[in-house]
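Undergrad: fold the following and give me the result.
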Amino acid sequence: MVNTEDYRTGRHCVFGTHAHLVFVTKYRRNVLTGQHHDVLRGVFAKVCADFGATLSECNEDDDHVHLLVEYPPQMAVSKPVNSLKGVASRRLKQQYVDNQRRPTQHARPQTHLTNSLRPEDRNLHR
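TA: Residues are numbered from 1 along each chain as shown. This next block holds a predicted model:
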């Protein structure tokens, strides 16, 4: 049986579109710390909310950040990706001015994958 809580509804449609985004530091250097992760998580959640999307998951490592974003089907995935990329980079530059000499402090999306999955198929990707 399909769990209907996994879907969002519009006036005439039912949908569940997710994008898996990976933001990678320049040259994959291990420069992201716990402070950076806290800033990025807040920035990502706010930008997603501004676009009417939902940040479902956010997992960090020293050289990259994984996001799972649920977004409405009428929105192109490139719009929130560009905004997430720009705002995250700008906020890190503003808050960590002393590290600006190293260009590796900025998160940028290397690749992104958009995949629409049925809720019962999600466990195949974990």
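Undergrad: okay, CA-based contacts and neighbour counts for the rest of this
TA: Noted.
Undergrad: quick one: low-confidence residue ranges for this structure.
TA: Scanning the chain with the threshold set as pLDDT under 70 gives 1-5, 97-126.
Undergrad: so where do the helices sit in it?
TA: For the chain, the helices defined by DSSP state H occupy 34-50, 78-95.
Undergrad: Gln35: neighbouring residues, count only.
TA: 8 (other CA atoms under 10 Å).
Undergrad: quick revisit: want to throw the helices of the chain into TSV with distance to Gly16?
TA: Listed next are these as TSV, based on distance: least, CA to CA, whole Å:
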stretch	distance to Gly16
helix 34-50	15
helix 78-95	17
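Undergrad: out of these, nearest to Arg8?
TA: Set against Arg8 and scored by CA to CA, those come closest in helix 34-50, at 14.9 Å.
Undergrad: what does that closest one rub up against?
TA: Residues from elsewhere that reach helix 34-50, judged by CA atoms under 8 Å, 6 or more residues apart in numbering: 54-55, 58, 60, 69, 80, 83-84, 87-88, 91-92.
Undergrad: just the buried residues from those residues, in PyMOL please.
TA: To isolate in PyMOL the members of these that are buried, counting by 16 or more other CA atoms under 10 Å, one can use:
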select buried, resi 54+55+58+60+69+80+84+87+88+92
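Undergrad: for Phe15, give its distance to Lys85.
TA: 25 Å (CA to CA, to the nearest Å).
Undergrad: closest one of the contacts of helix 34-50 to Leu32?
TA: Closest to Leu32 out of the contacts of helix 34-50 is Glu60 (8.6 Å), distances taken as CA to CA.
Undergrad: in the sheet, who's paired with the spatially closest residue to the closest one that is not a sequence neighbour?
TA: Counting by CA to CA, 6 or more residues apart in numbering, His66 is the residue found nearest to Glu60 once chain neighbours are left out, at 6.2 Å. As for beta bridges, His66 partners with Val22, Asn59 under DSSP bridges.
Undergrad: alright, I will stop here.
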